[in-house]
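In: Task: produce atomic coordinates for the following.
(one chain, ligands or ions: 1)
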Amino acid sequence: NKSDVGFIGVGNMGQRMATNLIKKGRRVKVYDVSKAAMESVTGALPCESPQEAAADVDFVITMLPDGDVVKQVLTAENGVLKGISKRALLVDSSTINPLTARELHKTAEDAGIKFLDAPVAGGTAGASAGTLTFMVGGNQDAVKAAQAILLQMGGNVMHCGGPGAGQISKLCNNMIVAVSMIGVAEAMNLGAKMGLDVNTLVQVVNTSTGRCWISEKYNPVPGVMKNVPSANDYNGGFRSQLMAKDLALASSIAISCGAPILLGSAAHEIYRTMAAYGYGNKDYSSIYKFLQGQ
Ligand code: NAD
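Out: You can find the predicted model right below:
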């Protein structure tokens with residue numbers, strides 16, 4: 001009864017993605033530094049190290065906080081590259097620096113392993129529903145080989161280009177999400193402070209030109225929507241600290257190519273400030289609460 005997938009990093013996103021693979025009939029081994037996180041994946045086999053999770057499987061998927069952690073999990077003494085078999089495909093779905101992703105493509109290639117950068121969009125709700133969009137960088141053959149398993153966790157697989165192209169796409173997408181989150185939160189807070197009923201305001205915006213994914217599917221105002229982090233004291237979504245990390249990466253690539261990102265940079269400073277004020281582990285929609293001065 002051999003496992004066919006090693007899944008490393010089963011936090012807010014990985015737990016849901018690994019659970020979907022199990023529901024679709026995959027046999028999944030998991031590794032996470034948190035025992036509680038591993039136990040949260042019902043039906044998975046917990047492992048003692050990344051090396052053990054990567055051994056004797058067809059696919060290894062990493063879903064870790066940042067590039068330094070991914071690098072360490074891949075290259076450590078008991079890391080993925082020590083355990084993984086040559087037939088396996090290694091897919092990193094974390095959001096990391098595109099330059100680090102290119103480095104990892106090279107490291108994997110040197111070890112004779114096929115690698116893809118395949119970050120995702122869709123949030124924890126998309127991860128639960130299996131409707132994530134995968135933005136993939138790497139060669140065509142590897143993308144083809146990954147297609148079926150990625151579609152067991154998502155609804156779209158977009159091949160964005162060569163090594164790192166998935167990460168560049170993801171950083172561009174997240175910069176839009178960050179800026180629109182702040183825009184929606186500011187407008188909702190303004191309306192509420194001027195005495196409007198927030199439920200009415202949400203309905204108005206969502207039938208008007210201000211409508212966007214944030215206002216419609218991920219509204220930051222508590223109580224106006226079910227099954228979003230704002231309905232759960234801003235827990236269980238995308239931590240503000242991780243959003244700050246993504247915006248820092250966007251700034252870094254923007255500087256490298258000379259693209260002006262005025263609002264992206266402002267959004268970076270706003271999320272860094274929120275983290276300094278104790279919102280780091282809360283969902284990024286907690287910007288609404290932050291603006292209320294709470
Ligand atoms: P998370 O912090 O909830 O989960 C990360 C998991 O990695 C945790 O369980 C942690 O214990 C584990 N971990 C940390 N260091 C480790 C190590 N050395 N070895 C093994 N496990 C380790 O983060 P998340 O929200 O699941 O996000 C994961 C990645 O996906 C991030 O790069 C994030 O930017 C990206 N992402 C998140 C969302 C979202 O909505 N949450 C959406 C798209 C992309």
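In: right, and Asn49 touches Val73 too?
Out: Actually, residue 49 is Ser rather than Asn. No. Between Ser49 and Val73 there is no contact under CB atoms under 8 Å: 9.5 Å. All C-beta atoms are positioned from the backbone trio N, CA, C, and that covers glycine.
In: How about the helix or strand Ile253 falls within, which residues are buried there?
Out: Assigned by DSSP states H and E, Ile253 belongs to helix 240-257. By neighbour count on 16 or more other CB atoms under 10 Å, the buried set for helix 240-257 is 240-251, 253-254.
In: Stretch 2-18 now?
Out: Buried-residue list, stretch 2-18, by 16+ other CB under 10 Å: 3-18.
In: Spell out which two among those residues are the most distant pair, please.
Out: Checked with CB to CB, those reach their widest spread between Asp4 and Asn12, with 23.9 Å between them.
In: Near the ligand, which residues of the stretch 151-294 of the chain are found?
Out: Applying CB under 6 Å from any ligand atom, we find that the stretch 151-294 of the chain lies next to the ligand at Gly237, Phe238, Leu242, Asp246.
In: What are the boundaries of the helices in the protein?
Out: Ranges of helices in the chain, per DSSP state H, are 14-23, 35-39, 50-54, 67-75, 80-83, 98-110, 123-129, 140-150, 165-193, 198-206, 213-217, 240-257, 262-274, 287-291.
In: what sits in contact with each of Ser49 and Val73?
Out: Counting by CB atoms under 8 Å, 6 or more residues apart in numbering, the shared contacts of Ser49 and Val73 are Gly79.
In: Neighbour count: those two, which is higher?
Out: Val73 (26 against 18; other CB atoms under 10 Å).
In: And the more buried one, how close does it get to the ligand?
Out: As judged by CB to the nearest ligand atom, to the nearest Å, Val73 and the ligand stand 5 Å apart.
In: And for the closest residue to the ligand within the stretch 151-294 of the chain, the neighbour number?
Out: Minimum separation of the stretch 151-294 of the chain from the ligand (CB to the nearest ligand atom) falls at Phe238, amounting to 3.3 Å. Look at Phe238: counted by other CB under 10 Å, it has 22 neighbours.
In: and it, what is it in contact with?
Out: For Phe238, the contact set (CB under 8 Å, 6+ apart) comprises Asn12, Gly123, Thr124, Pro229, Asp283, Tyr284.
In: now the residues you listed in a markdown table, with pLDDT?
Out: Shown next, in a markdown table, are the contacts of Phe238 (pLDDT from 0 to 100):
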| residue | pLDDT |
| --- | --- |
| Asn12 | 95 |
| Gly123 | 92 |
| Thr124 | 93 |
| Pro229 | 97 |
| Asp283 | 98 |
| Tyr284 | 98 |
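In: Looking at the residues you listed, which is nearest Ala37?
Out: Looking across the contacts of Phe238 and measuring by CB to CB, the closest to Ala37 is Asn12, at 9.4 Å.
In: residues near the closest residue to that closest one other than its chain neighbours, how many?
Out: Distances taken as CB to CB, 6 or more residues apart in numbering place Thr124 nearest to Asn12, at 5.3 Å, with adjacent residues excluded. Residues within reach of Thr124, counting by other CB under 10 Å, total 19.
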